[in-house]
Structures are given as C-alpha cells and as structure tokens.
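In: Predicted model follows, preceded by the sequence.
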Amino acid sequence: MASPDEKLLRAVTESFTEVLKESLVGIYVHGSAAFGCYDPARSDLDYIAVVSSEPTLEQKVSIIKKTLAAEDLAPAKGLEMHVLSLSACKSFVHPCPFLLHYSAAYRSAATADTEGFCREMHGFDPDLGAHITVMNAVGYPLLGPAVKDVFSPVPREDYINSILFDVENAEEEISRDPVYFTLNLCRVLGYLRTGRVMSKADGGRWAQNALPEEFRPQVRYALKTYSGLSPETPDDFPSKAFARYVLREINKQEQIPYLLAEDSRL
C-alpha cells in the first residue's frame, strides 16, 4: 500500500502551525495511513490536531479554509480531522469532546458558510473512542511529542461502545456500503474475540478463517475490492444474512441485548 503524499502532509502541518502557532501541541495520524493499508484511490487521511487552548473563531475559520484548500491533494475519500484539547487527550472521557471537526461529509456546509460551520462544529463524538484507541496502537506524529505522551489509554468498554456505535445499524445499511460494513463488522468481532485492535483489512483477513464457510466468499470479495482488485461478485452479495450473523456473534460476546434483540430476524 502507498503512503500519504508528502505535499499533502506538509500542507496539513503548515496549515496548523501557521494558524495556531505556540498553542499547537502536535498533529497525529491514525486510520488506514497508520495501519499501513492506505490507498489514495480508496482511503481518506485521518488526523487529530491537539491544542493547549481552544482556537478562536477566526483561527477555526482559517483552519477550515486551509483544510478545504488541501483537499486538492487529498485521497479519494478526502480528509477527516479533529481538533482536541490536550486536557481531553490526557484525561479521556467517552464520548470525547472536540473543538472542531471536518470530513468530506461536511464539505458543502463548510464551503457555503465557513464561519457558521465553525461556530456550530464542536461537541462530543463517540467515534473518538475508536480513533484514539487506534492512535495509541499504531498512530504517529506529523509534529509534536510521541503519541504516548499526549493520549491516555481508552478504557476497553469505551472502545467497545465506540466501535459498536459504528455497526449497530449494519443490517439495514450494508447494501449502501457493502465493503465498509462487511470489513467493519469483521474487525469489531475480531477485537471482541481476540483483543487485537484491527484495521478493516486486518478484520477481513482474520474473518476468512474465523467465520463459517458460507460467509467467507463475502469477506474475500470485500477484501479484494478494498485492496483495489476486481473479483467476481458473489451471488448473494451484499448479504444481510452476513450482517445478522456477525451482529448475533457480537451480541453473544458482549451480551449486549440492545444491539440485536432476541426476536430479531435471525
């Protein structure tokens, strides 16, 4: 797999250092780029900027404008960044508070009214439990102290809550994004059974041997597609039956009745 473009990384680093100056603690990469499965044709670039004090509205506007400009260099799925306070990183609570957030999903809103977007874009994000767990496992700094000196460990139950939040509607949504939900379900179940923090690709590779034979073609297809190959599509793909099975196994592992009710369509 490729590494993020050096021009892009330089643009990200310079945008924050120019705007935040001494209040910038560091910039840290997580996600596919940290796991080593980054593909500019299919990935996004995930990073967290850590600050010692909250940016002003003017600084937030400048950050978002520079982030939008950097998207000319971004991978296919764009950029996803959070700005977090150092205190939130060192004393993790779930859901984690953030000071500013941007992803490609917000491109239109951030472009149409940047100041209004910056006024509203703060709060608490349950996904940060997963992001920071990955950060502690494989993340690295573009700028600043080592990861271990900035981010506290995320309690296991908070990480589980975070990753479950991302798949709880997988049965209904798998047809919308089959590769994402197939591999994400695999890595969630893989973590619950092994305790290993996995990328989507790791989860798929684990599931090829861990799941029943009937579901392995779907996993193989998702892995090959995620890797940029063009395999034949299984007749039953995308499979709600696959999502139901994995959710049921997740439910057994953690005994989480709200995730998949006993009378659900099993």
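Out: Sure thing, it's come through. Numbering: from 1, shown residues only.

In: Dihedrals phi and psi, H82?
Out: Note on H82: backbone dihedrals following degrees, to the nearest 10 are phi -120, psi 150.

In: Kindly state the pLDDT recorded for it?
Out: Looking at H82, its pLDDT stands at 98.

In: The helix or strand harbouring L247 packs against which elements?
Out: Using DSSP states H and E, L247 maps to helix 240-254. Packed against helix 240-254 by the contact rule (3 or more C-beta pairs under 8 Å, 6 or more residues apart in numbering; DSSP states H and E) you find helix 156-165, helix 170-173, helix 178-194. Heads up, the C-betas are built off the backbone N, CA and C, glycines and all.

In: Let me see the residues that make contact with the host helix or strand of V25.
Out: Secondary structure assigned from DSSP H and E places V25 in strand 24-30. For strand 24-30, the external contacting residues (C-beta atoms under 8 Å, 6 or more residues apart in numbering) are 4, 12-13, 16-17, 45-52, 86, 131-132, 134-135, 138-145, 147, 150-151.

In: so how far is it off the chain centroid?
Out: 15 Å (C-alpha atoms, centre = their mean, to the nearest Å).

In: Now the element after that strand, going C-ward?
Out: Strand 24-30 is succeeded, C-terminally, by helix 32-35 (DSSP H and E).

In: Could you give the average pLDDT over that following helix?
Out: According to the model, helix 32-35 has a mean pLDDT of 96.

In: now the next helix or strand after it and strand 24-30, what's the angle there?
Out: Downstream of helix 32-35, the next assigned helix or strand under DSSP H and E is strand 45-51. Relative orientation of strand 45-51 versus strand 24-30 (axes from the mean of the first three to the mean of the last three C-alpha atoms, to 10 degrees): 160 degrees.

In: For strand 45-51, buried residues please.
Out: Using 16 or more other C-beta atoms under 10 Å as the test for burial, strand 45-51 gives L45, D46, Y47, I48, A49, V50, V51.

In: ok so, going back, what strands flank the strand holding V25, and is each parallel or antiparallel?
Out: Sheet pairing of strand 24-30 (DSSP bridges) gives strand 45-51 (antiparallel), strand 140-143 (antiparallel).

In: how about the ones you listed in CSV, adding mean pLDDT and distance to T182?
Out: Compiled in CSV, the strands paired with strand 24-30 are given as follows (pLDDT from 0 to 100; distance: least, C-beta to C-beta, whole Å):
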stretch, mean pLDDT, distance to T182
strand 45-51, 98, 20
strand 140-143, 98, 28
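
In: Check the helices and strands packed on helix 240-254 for me and report the most buried one.
Out: With neighbours taken as mean count of other C-beta atoms under 10 Å, these reach their highest mean count in helix 178-194, at a mean of 22.

In: so how far is that helix off the chain centroid?
Out: The answer for helix 178-194 is 13 Å, by C-alpha atoms, centre = their mean.

In: That helix versus helix 156-165: what angle between them?
Out: Using the same axes, to 10 degrees: helix 178-194 against helix 156-165 is 160 degrees.

In: OK, contacts around the nearest residue to T225 once chain neighbours are set aside?
Out: Among residues not flanking T225 along the chain, V179 sits closest, at 5.0 Å (C-beta to C-beta, 6 or more residues apart in numbering). V179 makes contact with A222, T225, Y226, according to C-beta under 8 Å, 6+ apart.

In: Tell me the secondary structure of the first one, please.
Out: What it means is A222. helix (DSSP: H, G, I helix; E, B strand; the rest coil).

In: Relative to S53, how far out is it?
Out: Using C-beta to C-beta, to the nearest Å, we find A222 at a distance of 43 Å from S53.

In: before we move on, what about the second one?
Out: Note on T225: its distance to S53, by C-beta to C-beta, is 44 Å.

In: Comparing these two, which residue is more hemmed in?
Out: Higher neighbour count among T225 and S53: T225, with 18 against 13, using other C-beta atoms under 10 Å.

In: Checking my notes, T111 in a helix, right?
Out: Yes. Using three-state DSSP, the secondary structure at T111 is a helix.
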